[in-house]
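[1] Just the structure for this:
(chains A and B)
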There are 2 protein chains.
Amino acid sequence: MKPGHLGSTVSAVEAPPRFGPQNDACRPIHELLSLVGDKWTMQVVKHLGNGTMRFNELRRAIEGISQKMLTTTLRNLERDGFVTRTIYPTIPPRVDYRLTDLGYELLGPIKALAEWVSENRHRIDEARARFDGQQV
Amino acid sequence: MKPGHLGSTVSAVEAPPRFGPQNDACRPIHELLSLVGDKWTMQVVKHLGNGTMRFNELRRAIEGISQKMLTTTLRNLERDGFVTRTIYPTIPPRVDYRLTDLGYELLGPIKALAEWVSENRHRIDEARARFDGQQV
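    Below is the predicted model of the structure:
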């Protein structure tokens, strides 16, 4: 066996390449929804829809988000092209986050989903009370 | 101290009542998005949008979902009024899941979000490749 042969085979099977063309037809829908389909991502995008914000402003605005979770969420949004981060060389450095054009486009369907839930939450609450009543 | 006093106080602080009127104005947006804003919930709703399905059909259709996660997701969807579960007294019992009217209404904004991501995934991929290239 050639040196490194097993290692190469394993990495080829377990780790798909990070670059190169994607096979769009085979990309599973859960991977697509994972990009934007979690409550923290949707909330950050919604808040930045009102304009540029700093890290601590976002953290105060989003109830329950930890510093680590906000850092991860913002980094993923930057990586996926929805958010830009601008660092100003002040002391201490100022870091602003804002939506890109792509981010503003994503805002539309996210707002629509949030508005639907907001308009229909009394129906959800009623169903939940009925369900919990049956379980007692 | 009365017997059980400490226990009652602790549970009153830590566990909000499950019934009773909700203070809608104070309901935080992240709680609303939590109801529907996760990739498993959105996928189950999307699949049931095509019609009634059994548990194992759903499990096969949704790549990567565990039995436990699908059970939890379906139970929450049933509790929130989006899905009904019908048990047929056959041997073995047959259990069908289908969307309620409320579930079909939720399908609209979820499909819109999934379609936006699907149509724009090449832009997300391009941004991601650019970002990863800068990090090397």
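
[2] Please enumerate the helices of chain A.
    A:5-14, A:29-36, A:39-48, A:55-61, A:67-79, A:101-135 (DSSP state H).

[3] Burial check on A:Thr41, number of neighbours?
    A:Thr41 is flanked by 23 other residues according to other Cβ atoms under 10 Å in any protein chain shown. Where you see a C-beta, it was placed from the backbone N, CA and C, and this is true even at glycine.

[4] I'd guessed it sits against A:Arg79; true?
    No - using Cβ atoms under 8 Å, A:Thr41 makes no contact with A:Arg79, being 11.8 Å away.

[5] So what pairs up with the nearest residue to A:Glu78 once chain neighbours are set aside in the strands?
    Once flanking residues are discounted, A:Glu78 sits nearest to A:Arg85: 5.6 Å by Cβ to Cβ, 6 or more residues apart in numbering or on different chains. For A:Arg85, the beta-bridge partners are A:Tyr97 (DSSP bridges).

[6] For A:Arg85, list the residues it contacts.
    A:Arg85 makes contacts with A:74, A:78, A:95-97, as judged by Cβ atoms under 8 Å, 6 or more residues apart in numbering or on different chains.

[7] now with 7 Å?
    A:78, A:95, A:97 (Cβ atoms under 7 Å, 6 or more residues apart in numbering or on different chains).

[8] To B:Thr52, which of the helices of chain A lies closest?
    With Cβ to Cβ as the measure, helix A:101-135 is the member of the helices of chain A nearest B:Thr52 (19.0 Å).

[9] Indicate whether the closest one makes contact with chain B.
    Yes - in terms of Cβ under 7 Å from any Cβ of the partner chain, part of helix A:101-135 sits within range of chain B, namely A:102, A:106, A:109-110, A:112-114, A:116-118, A:120-121, A:123-125, A:127-129, A:131-132.

[10] Just confirm A:Tyr97 contacts A:Arg75, I think it does.
    No - under the criterion of Cβ atoms under 7 Å, A:Tyr97 makes no contact with A:Arg75, lying 10.6 Å away.

[11] of those two, who's got more company?
    A:Tyr97 (22 against 13).

[12] Nearest residue to A:Phe82 in space, please, no chain neighbours.
    A:Phe82's closest residue in space is A:Gly103 (Cβ to Cβ, 6+ apart), at 3.8 Å.

[13] correct me, but that neighbour touches A:Val45?
    Yes - between A:Gly103 and A:Val45 there is a contact under Cβ under 7 Å: 6.2 Å.

[14] Overlap of the contact sets of these two?
    Common neighbours of A:Gly103 and A:Val45 (Cβ under 7 Å, 6+ apart) are A:Phe82.

[15] residues touching A:Gly74, list them.
    Small correction: residue A:74 is Leu, not Gly. A:44, A:83, A:97.

[16] Now do the same for it: its pLDDT.
    What the model reports as pLDDT for A:Leu74 is 96.

[17] next one: A:Ala114
    83.

[18] how near is it to A:Gly108?
    According to Cβ to Cβ, to the nearest Å, A:Ala114 and A:Gly108 sit 11 Å apart.

[19] what do you get for A:Leu77?
    From A:Leu77 to A:Gly108 the distance is 16 Å (Cβ to Cβ).
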